[in-house]
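Enquirer: Structure of the sequence below:
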Amino acid sequence: MSGPEPPSETSGPDAPTWPTQPTYSNLGEVRGQLLPSKACRPRTSRRPPTDSQPLPPPLPKKTLARTQSLPTHRACSSSPAPAGQPRRPFLGSHSVDESQAGNDRPWASCHPAEPHFHLLNSPLGLTWPDLHHPEAMRTMLEARQLEGLRTVHARLQAQLLGGRPGPCQPGHDFRLLDSSPCVESGDALYYRLVRVSGEAWHMLAAKVPKPGAEEPHPWGLELQASLAPHFNLQGLCGLVPAGALPGVPWSGPVALTAEVPECTVTQWLSEVGRRPRPAEFPWVAALLLLQLSSALEHLEARGAALAELRPENLLLVAPRGCAAAGPPRLLLADFGRVHPRPPGPPGAHAQQLGRLLRALLGPAAPPATPLAAGLDTLARQLPRSRPSAAQTRVALQTLLWGPGPELHRRGAPLGPWLQVGRALLVLHLAERAAAGGLPGLEDWLCCEYLAEATEASLGHALALLWD
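Expert: Numbers count the residues shown, from 1 in each chain. Model (predicted):
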């Protein structure tokens with residue numbers, strides 16, 4: 001980063017003044033003492049300076065335009081700090097542009113005799129007296145933890161949604177990769193193809209309506225085309241024009257989807273049912289239902305509701321930039337059954353979510369883990385309490401990452417639990433990054449939970465589950 005422009009030497013009545021005359025360092029003299037002699041430079045026979053030699057003249061007093069000159073530690077300043085800003089120790093004599101003066105960033109190196117910790121004072125907004133007040137320190141650390149989680153969440157979201165293809169253009173070419181569909185959903189067949197534009201290409205999926213499928217509701221299709229990218233909603237990026245691909249097993253133009261599905265939830269459940277369910281199955285089921293709740297929450301916020309939730313139209317995709325062994329990404333693709341949400345209390349999807357959760361949990365078996373027991377409780381509460389999709393999402397987050405029912409029964413305060421959870425998650429992410437591990441989908445979902453959660457939202461979720 002380049003430094004500020006050299007100040008122009010003009011004088012004026014608006015120059016900053018200091019109640020006590022500051023002491024300035026002669027930068028030329030300091031540089032002369034710090035620069036080592038070069039091996040290739042011939043040494044002269046000049047005698048070292050003695051006390052009889054005159055010292056360099058003092059720096060003239062100048063009035064700097066557009067800049068401020070900060071005094072060194074040897075100068076005491078009693079000028080008051082601006083209202084609402086804490087006083088900060090000066091870090092050495094240096095000039096900064098006025099646009100940078102309030103940027104809370106030290107531009108000069110610290111004095112060698114002082115600890116380096118005070119370099120953090122300006123970015124953190126701390127002063128030395130704050131170190132004697134644990135409450136101020138705790139408040140600052142809590143704010144930084146929350147800010148850090150939000151930053152990590154935003155970066156992981158950009159990674160997971162990165163590489164999204166833009167809309168189709170007239171000059172794009174298309175190449176079909178397979179003559180048979182890669183996935184067959186309840187009402188569509190998906191074919192893998194490549195869209196080529198110059199040297200750039202994207203792998204997409206052609207969504208072909210199945211013969212005899214129910215006529216989709218046009219309102220839902222228009223809503224799908226107008227939605228901004230969402231992690232759990234199928235995104236469209238144009239049409240494959242009729243005649244663009246000769247010999248394709250469909251006729252007329254078909255929609256292009258940004259993500260290529262791997263299977264449906266129905267197919268996934270069928271594969272899982274052929275073998276004993278692993279111990280982590282309730283965890284994966286909860287993560288899938290959490291993503292579905294996020295998609296339905298987005299629909300409810302747009303005044304829409306899904307008339308029929310069908311697992312054969314819920315698609316599973318491998319998320320970008322994550323380990324292959326992690327949980328899959330869920331996409332809601334059944335926009336042909338999306339209608340305007342009828343007026344009334346929230347909870348338009350509660351009964352459907354309860355039935356799907358029952359299907360995910362399988363035939364009645366005694367819950368073997370606390371998470372499985374919590375999911376069983378939620379399946380009973382959904383049709384009874386009829387929470388909104390947003391409330392259901394927080395309940396699932398609580399089952400996955402806490403707090404548990406014991407904390408609720410004891411009436412423990414939720415604020416300290418939330419602060420500890422954020423601190424532990426930051427440490428977990430730092431340990432994983434130091435070990436070179438890739439963050440996964442679960443990390444992003446947990447960051448989203450702890451970055452958005454409040455004491456009120458946690459209280460509502462615990463009441464829904466355990467009251």
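Enquirer: What are the boundaries of the helices in the stretch 201-350 of the chain?
Expert: Applying DSSP state H, counting those that start in this stretch to the stretch 201-350 of the chain gives helices spanning 218-226, 265-273, 281-301, 350-361.
Enquirer: Reformat those helices as JSON lines; add mean neighbour count.
Expert: Placement of C-beta: from N, CA and C, glycine included. Formatted as JSON lines, the helices of the stretch 201-350 of the chain follow (neighbours: other CB atoms under 10 Å):
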{"stretch": "helix 218-226", "mean neighbour count": "15"}
{"stretch": "helix 265-273", "mean neighbour count": "15"}
{"stretch": "helix 281-301", "mean neighbour count": "21"}
{"stretch": "helix 350-361", "mean neighbour count": "19"}
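Enquirer: Dump these to JSON lines, plus distance to Pro370 and mean pLDDT.
Expert: Below are those laid out as JSON lines (distance: least, CB to CB, whole Å; pLDDT from 0 to 100):
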{"stretch": "helix 218-226", "distance to Pro370": "38", "mean pLDDT": "93"}
{"stretch": "helix 265-273", "distance to Pro370": "21", "mean pLDDT": "90"}
{"stretch": "helix 281-301", "distance to Pro370": "9", "mean pLDDT": "96"}
{"stretch": "helix 350-361", "distance to Pro370": "14", "mean pLDDT": "93"}
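Enquirer: Format those as TSV; extra columns: distance to Met140.
Expert: Output for those, formatted as TSV (distance: least, CB to CB, whole Å):
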stretch	distance to Met140
helix 218-226	42
helix 265-273	45
helix 281-301	32
helix 350-361	40
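Enquirer: so which of those comes closest to Pro181?
Expert: Among the helices of the stretch 201-350 of the chain, helix 265-273 comes nearest to Pro181, with 12.5 Å by CB to CB.
Enquirer: Could you check the angle that closest one makes with helix 350-361?
Expert: The directions of helix 265-273 and helix 350-361 differ by 30 degrees, with axes from the mean of the first three to the mean of the last three CA atoms, to 10 degrees as the criterion.
Enquirer: helices or strands up against helix 265-273?
Expert: Packing partners of helix 265-273 (3 or more CB pairs under 8 Å, 6 or more residues apart in numbering; DSSP states H and E): strand 314-317.
Enquirer: in the strand it packs on, what's buried?
Expert: For strand 314-317, the neighbour count (16 or more other CB atoms under 10 Å) marks Leu314, Leu315, Leu316, Val317 as buried.
Enquirer: List the pairing partners of it within its sheet, with orientation.
Expert: strand 263-264 (antiparallel), strand 329-332 (antiparallel) (DSSP bridges).
Enquirer: So what touches it?
Expert: 183, 185, 234, 259-266, 268, 288, 292, 328-334 (CB atoms under 8 Å, 6 or more residues apart in numbering).
Enquirer: Looking at it now, give me its mean pLDDT.
Expert: Strand 314-317 carries an average pLDDT of 97.
Enquirer: What of stretch 183-195?
Expert: For stretch 183-195, mean pLDDT rounds to 95.
Enquirer: distance between it and the chain's centre?
Expert: Centroid separation between stretch 183-195 and its chain, computed with CA atoms, centre = their mean, to the nearest Å, is 30 Å.
Enquirer: Export only the CA atoms of that stretch, formatted as PDB.
Expert: The C-alpha atoms that make up stretch 183-195 are tabulated as PDB, following Å, rounded to 0.1, in the frame of the first residue of the first chain:
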ATOM      1  CA  VAL A 183     -31.300 -37.600 -12.800                       C
ATOM      2  CA  GLU A 184     -35.100 -38.300 -13.100                       C
ATOM      3  CA  SER A 185     -37.200 -36.300 -10.700                       C
ATOM      4  CA  GLY A 186     -40.900 -36.400 -10.100                       C
ATOM      5  CA  ASP A 187     -41.800 -34.100 -13.000                       C
ATOM      6  CA  ALA A 188     -38.600 -33.600 -15.000                       C
ATOM      7  CA  LEU A 189     -35.600 -35.200 -16.600                       C
ATOM      8  CA  TYR A 190     -32.100 -33.600 -16.200                       C
ATOM      9  CA  TYR A 191     -29.500 -33.900 -18.900                       C
ATOM     10  CA  ARG A 192     -25.900 -32.700 -18.500                       C
ATOM     11  CA  LEU A 193     -24.600 -30.300 -21.100                       C
ATOM     12  CA  VAL A 194     -21.900 -27.700 -21.600                       C
ATOM     13  CA  ARG A 195     -22.500 -24.100 -22.500                       C
END
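Enquirer: what's the next secondary structure element after the longest helix along the chain?
Expert: Counting residues, the longest helix found in the chain (DSSP state H) is helix 134-160. Next in sequence after helix 134-160, counting helices and strands by DSSP states H and E, comes strand 173-176.
Enquirer: Relative to the whole chain's centre, how far out is that following strand?
Expert: Distance, centroid of strand 173-176 to centroid of chain: 34 Å (CA atoms, centre = their mean).
Enquirer: Same check on stretch 281-289?
Expert: Relative to its chain's centre, stretch 281-289 lies at 21 Å (CA atoms, centre = their mean).
Enquirer: any low-confidence regions in the stretch 1-150 of the chain?
Expert: 1-131 (pLDDT under 70).
Enquirer: Oh, that last question was meant for the stretch 301-450 of the chain, not what I typed.
Expert: Within the stretch 301-450 of the chain, the ranges that satisfy pLDDT under 70 run 323-324, 364-366.
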